[in-house]
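**Student:** Give me the fold of what follows.
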Amino acid sequence: MICSLRSKHLYKTKITAALFNERGEELICSIYAMLVFLMILFISIDVIGYTSMGYKLRNVCSQTLALMRMQNGMNSALMDRFQDCALIYGIDISRTEVAATPQYVQRGEEVSIRASTPYKIKCMRPFNQEFSVMIDVEMTGIAEDFIRELQ
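**Tutor:** Below is the predicted model:
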């Protein structure tokens with residue numbers, strides 16, 4: 001108990017000595033260290049948001065590609081399904097661009113979907129800078145149904 005009281009007292013005296021030092025070097029150093037730490041924190045939050053948005057877009061494309069493989073391409077019903085799924089994941093469909101293989105390709109041929117959406121980087125807003133980075137996802141698969149041709 002006595003040891004912990006002594007360490008608390010020493011800790012308080014070191015802090016007050018650093019804050020009320022006439023030179024002020026420790027105070028200036030700690031302010032700059034805090035600034036650097038906060039910038040790293042803000043950048044890491046944006047990196048996490050970017051990867052999360054990419055993961056969500058990849059999941060939506062994967063679910064749509066599974067349906068495209070069964071129906072041999074993309075049609076308007078699948079596009080509506082893509083948009084509904086994107087809304088569920090929290091993706092803004094008004095800024096999302098989708099390009100896919102149109103419906104009715106033969107079994108064994110490749111079907112693909114490509115989606116891209118912008119992501120705004122917010123960590124530079126205190127410096128009056130705003131950047132936007134595109135998240136691109138492209139997936140391919142093979143059509144599964146055989147389409148008979150009428151003669």
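**Student:** all strands of the chain, in order?
**Tutor:** For the chain, the strands defined by DSSP state E cover 97-100, 110-121, 131-142.
**Student:** quick one: strands adjacent to the last one?
**Tutor:** Right, the one you point to is strand 131-142. Under the criterion DSSP bridges, strand 131-142 sits next to strand 110-121 (antiparallel) in its sheet.
**Student:** With the shortest one instead?
**Tutor:** Strand 97-100 has its sheet partners listed here by DSSP bridges as strand 110-121 (antiparallel).
**Student:** for the partner strand, what is the average pLDDT?
**Tutor:** In this model, strand 110-121 has a mean pLDDT of 94.
**Student:** Would you mind finding the most buried of the strands of the chain?
**Tutor:** Of all these, strand 110-121 has the most neighbours on average by mean count of other Cβ atoms under 10 Å, namely a mean of 17. Where C-beta positions appear, they are placed from N, C-alpha and C, glycine not excepted.
**Student:** thinking again about what came up before, right, and the strands of the chain - which one's nearest Asn72?
**Tutor:** strand 110-121 (7.0 Å; Cβ to Cβ).
**Student:** circling back to that earlier point, output the strands of the chain in a markdown table, with distance to Gln71 appended to each entry.
**Tutor:** What follows is those, written out as a markdown table (distance: least, Cβ to Cβ, whole Å):
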| stretch | distance to Gln71 |
| --- | --- |
| strand 97-100 | 11 |
| strand 110-121 | 9 |
| strand 131-142 | 12 |
